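> based on what follows, work out the 3D shape:
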Amino acid sequence: MKNYQDKIVSVQDVLAMIKSDFKVAVGDATVEPQGFMSALHTIADRVKNVEVWTCLQMRSYPFMEDAKYRENFKIKCLFMSKPTRDAAKLIDVSFAPTHLRHTARTICAQGLPDIFISSCSMPNEKGEMSISMSNIYSSSVLREMKKAGRPVVMEINKNMPFAYGDNIISVDDVDYMVPVEFDLPQDYPAPVTEKDSIIGGYIAEYINDGDCLQIGIGGIPNSVTGFLAGKKNLGIHTELLCDGIVELAQKGIVNGSKKQFLPGKIVTSIVLGTNKTYDFVNNNPDVYVMSCEKCNDPYTISQNDNQVSINTTLEVDLTGQACSESIGSRQFSGTGGQTDTTVGAQMSKGGKTFLALYSTANVKNPVTGEREEISKIVPQLKPGAAVSLCRNDMMYLVTEYGAVNLRGLTVEERAKAIISIAHPKYREWLTAEAKKLGLILMD
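The predicted structure follows:
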């Protein structure tokens, strides 16, 4: 076994390396360096303007929870989650737009980080460690840091599964190693609502035996897995592996036997679920955790025939433009891999893509403070809304009122099709607005 004891340091030793104006990149999603992040606030008395680059943070930390740290630490975020949305009320949090497959490139675009800190499994007898449950950008940033001779730190956590894929690194790739022991984040599936079930049922009707699936995050995509019990020989090439997919694999419904790219393997970039999923992934050669720059490359995705992409959105206009990441100009999440997986699936032979949303939402009126129902299908997106999926890339749009295929339809035909799956009480208004905008010809 390779000796790595000379690389062992403490969290305090790593904190001592951090200086004012440093650019610090940390591991994404389920491989956040919890030891470092939990103690970062303790050096606030000697540093200012430290940039911390994150993506899909799973936890909140003291430096994010008090406005007194505003001058000391700033978060540069590639995908916002609840911890970063909450932190934005107290310290500076800014969002860097990017496709998920380009996150490593985005982090390094304006200069490499001064230090990269992530977490991984314990070294095995060969001196190998697994970046494990999330490889959105970790292996790619590590590669660039190593080329440039910049320091790489790994927190080695005995609770971290050893996952296979191109996320395997050697102790030789790392400059410092910090032994830690933290529990893994538990992402329990949200309860499936009646609307989720209706929408999931519509989508499931289009899924055939042998299809290869990408299933996004959230209640609607997860509800689809509940309708697949009678399917056979499904494959998985997805950006995120969750409990629902694992249950299908344990039942033999997912086996990857019809896949063209890495047949038999469940391919993912992120593993996010409960211990059921983490136990399934641990030392399982049938799961391949792939760097997102390759996993979400549309060309890679398209190598599987009958690739199906299932994602959700927040708001859709009558031409098919979708905003999936902001509420007006206020950033809520991120582009993520929605465009990556949608384009890749449509490049696939026999591929299909689905974008789902509830037809309405209950929101607080900014003037009255009262909650009111609004349509999520709108004549035009809110001012400042990010177009996460352009209308050229829209295929199936789904609400609890049905599914429509927008591919091949004119703007007028699209508007009529989209209105047909809006909530019935808003259809007359949407039609009138479409005519005002010239999307539907006047009678």
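> worst-scoring helix or strand of this protein, pLDDT-wise?
Using mean pLDDT, DSSP states H and E, the weakest-scoring helix or strand in the chain turns out to be helix 219-225, at a mean of 82.
> next structured bit after it?
strand 235-236 (DSSP states H and E).
> who are the packing partners of the helix or strand that comes right after that next one?
Next helix or strand after strand 235-236 toward the C-terminus (DSSP H and E): strand 240-241. Other helices and strands packing on strand 240-241, by 3 or more Cβ pairs under 8 Å, 6 or more residues apart in numbering; DSSP states H and E, are strand 266-268, strand 270-271. Yep, even glycine has a C-beta here, placed from its N, CA and C like the rest.
> now Cys292. Nearest residue, chain neighbours left out?
In space, and not counting its chain neighbours, Cys292 is closest to Ser269: 4.1 Å by Cβ to Cβ, 6 or more residues apart in numbering.
> excluding sequence neighbours, find me the nearest residue to Gln12.
Nearest non-adjacent residue to Gln12 (Cβ to Cβ, 6+ apart): Ala39, at 7.5 Å.
> what's the neighbour count on the one you found?
17 (other Cβ atoms under 10 Å).
> what sits against it?
By Cβ atoms under 8 Å, 6 or more residues apart in numbering, Ala39 lies in contact with 11-12, 15.
> would you map the helices across this protein?
In the chain, the helices defined using DSSP state H lie at 11-17, 34-39, 82-87, 103-108, 138-148, 194-204, 219-225, 243-250, 275-281, 292-295, 298-302, 338-347, 411-420, 424-437.
> least reliable of those going by mean pLDDT?
Comparing mean pLDDT across the helices of the chain, the weakest is helix 219-225, with a mean of 82.
> mind giving me the packing neighbours of that one?
helix 194-204, strand 212-215, helix 243-250, strand 307-312.
> among these, which is nearest Ser324?
Closest to Ser324 of these is strand 307-312 (Cβ to Cβ; 6.9 Å).
> which one of the helices and strands packed on strand 240-241 lies nearest to Val93?
Between the helices and strands packed on strand 240-241, strand 270-271 lies closest to Val93; by Cβ to Cβ that is 21.1 Å.
> if we can go back for a sec, the residue nearest to Cys292 touches Glu293, doesn't it?
No: using Cβ atoms under 8 Å, Ser269 is not in contact with Glu293; the gap is 9.0 Å.
> tell me which of those two has more neighbours.
More crowded of Ser269 and Glu293, by other Cβ under 10 Å: Ser269, with 31 against 22.
> check that one and give its pLDDT.
96.
> ok, now which ones touch it?
Here Ser269 is in contact with 100, 134-136, 239-240, 289-292, 295-296, 337 (Cβ under 8 Å, 6+ apart).
> what do you get if the cut-off is 7 Å, keeping everything else the same?
By Cβ atoms under 7 Å, 6 or more residues apart in numbering, the residues touching Ser269 are 135-136, 239, 289-292, 295-296.
> how far away is it from Ser170?
21 Å (Cβ to Cβ, to the nearest Å).
> what would the helices of the chain look like in TSV with distance to Glu373?
TSV is the format used below for the helices of the chain (distance: least, Cβ to Cβ, whole Å):
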stretch	distance to Glu373
helix 11-17	49
helix 34-39	39
helix 82-87	23
helix 103-108	36
helix 138-148	42
helix 194-204	13
helix 219-225	19
helix 243-250	29
helix 275-281	35
helix 292-295	37
helix 298-302	37
helix 338-347	26
helix 411-420	17
helix 424-437	9
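> between those helices, which gets nearest to Asp114?
So among these, helix 11-17 is nearest, using Cβ to Cβ, at 8.6 Å.
> and that closest one, what's buried?
11, 14-15, 17 (16 or more other Cβ atoms under 10 Å).
> how about residues contacting that helix?
In contact with helix 11-17 (Cβ under 7 Å, 6+ apart) are residues 35-36, 39, 42-43, 115, 117, 151, 153, 176, 178.
> got JSON lines for the buried residues of helix 11-17, with distance to Thr54 too?
As requested, the buried residues of helix 11-17 are exported to JSON lines (distance: Cβ to Cβ, whole Å):
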{"residue": "Val11", "distance to Thr54": "18"}
{"residue": "Val14", "distance to Thr54": "16"}
{"residue": "Leu15", "distance to Thr54": "17"}
{"residue": "Met17", "distance to Thr54": "18"}
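> of all those, which comes closest to Tyr278?
Of those, the one sitting nearest to Tyr278 (Cβ to Cβ) turns out to be Val11, at 23.3 Å.
> so what's the closest residue to the closest one other than its chain neighbours up against?
On the basis of Cβ to Cβ, 6+ apart, the spatially nearest residue to Val11 that is not a chain neighbour turns out to be Gly35, at 4.5 Å. The contact partners of Gly35, taken as Cβ under 7 Å, 6+ apart, are 11, 155, 178, 180.
> for the closest residue to the third one other than its chain neighbours, name its beta-bridge partners.
Counting by Cβ to Cβ, 6+ apart, Glu155 is the residue found nearest to Val178 once chain neighbours are left out, at 4.6 Å. Each beta-bridge partner of Glu155 is listed here: Ser119, Val178, as defined by DSSP bridges.
> so who does Glu155 touch?
Glu155 touches 33, 35-36, 119, 178, 180, counting by Cβ under 7 Å, 6+ apart.
> I'd like those residues as JSON lines, with distance to Ser420 appended.
Output for these, formatted as JSON lines (distance: Cβ to Cβ, whole Å):
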{"residue": "Pro33", "distance to Ser420": "49"}
{"residue": "Gly35", "distance to Ser420": "53"}
{"residue": "Phe36", "distance to Ser420": "52"}
{"residue": "Ser119", "distance to Ser420": "48"}
{"residue": "Val178", "distance to Ser420": "56"}
{"residue": "Val180", "distance to Ser420": "54"}
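> residue ranges with poor pLDDT in the stretch 1-150 of the chain?
1 (pLDDT under 70).
> now do 90
1-4, 132 (pLDDT under 90).
> where exactly do the strands run in it?
23-26, 50-54, 73-77, 93-95, 115-120, 128-130 (DSSP state E, counting those that start in this stretch).
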